[in-house]
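>>> Sequence first, predicted model second:
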Amino acid sequence: RTVGQQIREVLTLHGTSRSAAAARTIDLLGMVGVRDASTRVDDYPHQFSGGMRQRVIIAIAIANNPSLLIADEPTTALDVTVQAEILRLLLSLREELDMAVMLITHDIGVVEETCDDALVLYAGEIAERGPVDEVLGRPRHPYPRELIAATPRLDNFTGGRLVSVAGQPPDVMKRPTGCAFHPRCPLAVDRCLTEDP
């Protein structure tokens, strides 16, 4: 199916007429930065680069004017330049469309550059949440501390071995009692076996 067919389907399923959906599809492609949208609308996904396919997915996601856009790993498998373009696009759409964006990512650098607030999950539980500068600059829970310490940084490169978080993540079906991170935590004490921090 062409990218235009995929976008139009999202619109018509929510009550937009076929003619209005056709016009809106071209507008949406232009809004997300697809050049020559009126001709590219009839192209197939394999005719687009990875970054352009991501833009089409964003067009589908914003087609019906959501108040919240959930972007799950939107920059995975994209090179750094295209990642930056996609993140700038999401931030500009957030302002232009007056919507919130929930960004789900493993990339701490992306969180640092684009987010206002952060929520760090471990084993399906909230380890820490708050403003990005507090969560990343002064983490209180050991898990975000360990994650940040394990993130390679060019501004602090020592040339030594990379640091990693010790141990293995727990089986979420057999979650440890107390703080789920305690089996891997360098600061764990007996109390961590029965209580969340």
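Perfect, thanks for sending it.

>>> average pLDDT for the lengthiest helix in the chain?
Counting residues, the longest helix in the chain under DSSP state H turns out to be helix 80-97. Taken as a whole, helix 80-97 has a mean pLDDT of 95.

>>> I'd like the C-alpha coordinates of that helix written as CSV, please.
C-alpha atoms of helix 80-97 as CSV (Å, rounded to 0.1, in the frame of the first residue of the first chain):
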residue,chain,number,x,y,z
VAL,A,80,22.8,10.6,14.1
THR,A,81,22.0,13.4,11.6
VAL,A,82,18.6,12.0,10.8
GLN,A,83,18.0,11.3,14.5
ALA,A,84,18.5,15.0,15.2
GLU,A,85,16.2,16.0,12.3
ILE,A,86,13.4,13.7,13.6
LEU,A,87,13.8,15.0,17.2
ARG,A,88,13.6,18.6,15.9
LEU,A,89,10.5,17.7,13.9
LEU,A,90,8.8,16.2,17.0
LEU,A,91,9.6,19.3,19.1
SER,A,92,8.4,21.7,16.4
LEU,A,93,5.2,19.7,15.9
ARG,A,94,4.7,19.7,19.7
GLU,A,95,4.6,23.5,19.6
GLU,A,96,2.8,23.9,16.3
LEU,A,97,0.0,21.5,17.2
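
>>> Give me the residues contacting that helix.
Applying CB atoms under 8 Å, 6 or more residues apart in numbering, the external contacts of helix 80-97 come out as 31-33, 49-51, 54-55, 58, 62, 65, 69, 71, 74-75, 78, 99-101, 103, 110, 113-114. Bear in mind the C-beta positions are built from the backbone N, C-alpha and C, glycine included.

>>> How about stretch 24-41?
Against stretch 24-41 from outside (CB under 8 Å, 6+ apart): 2-4, 7-8, 11, 16, 48, 52, 55-56, 58-59, 62-63, 85, 89, 93, 96.
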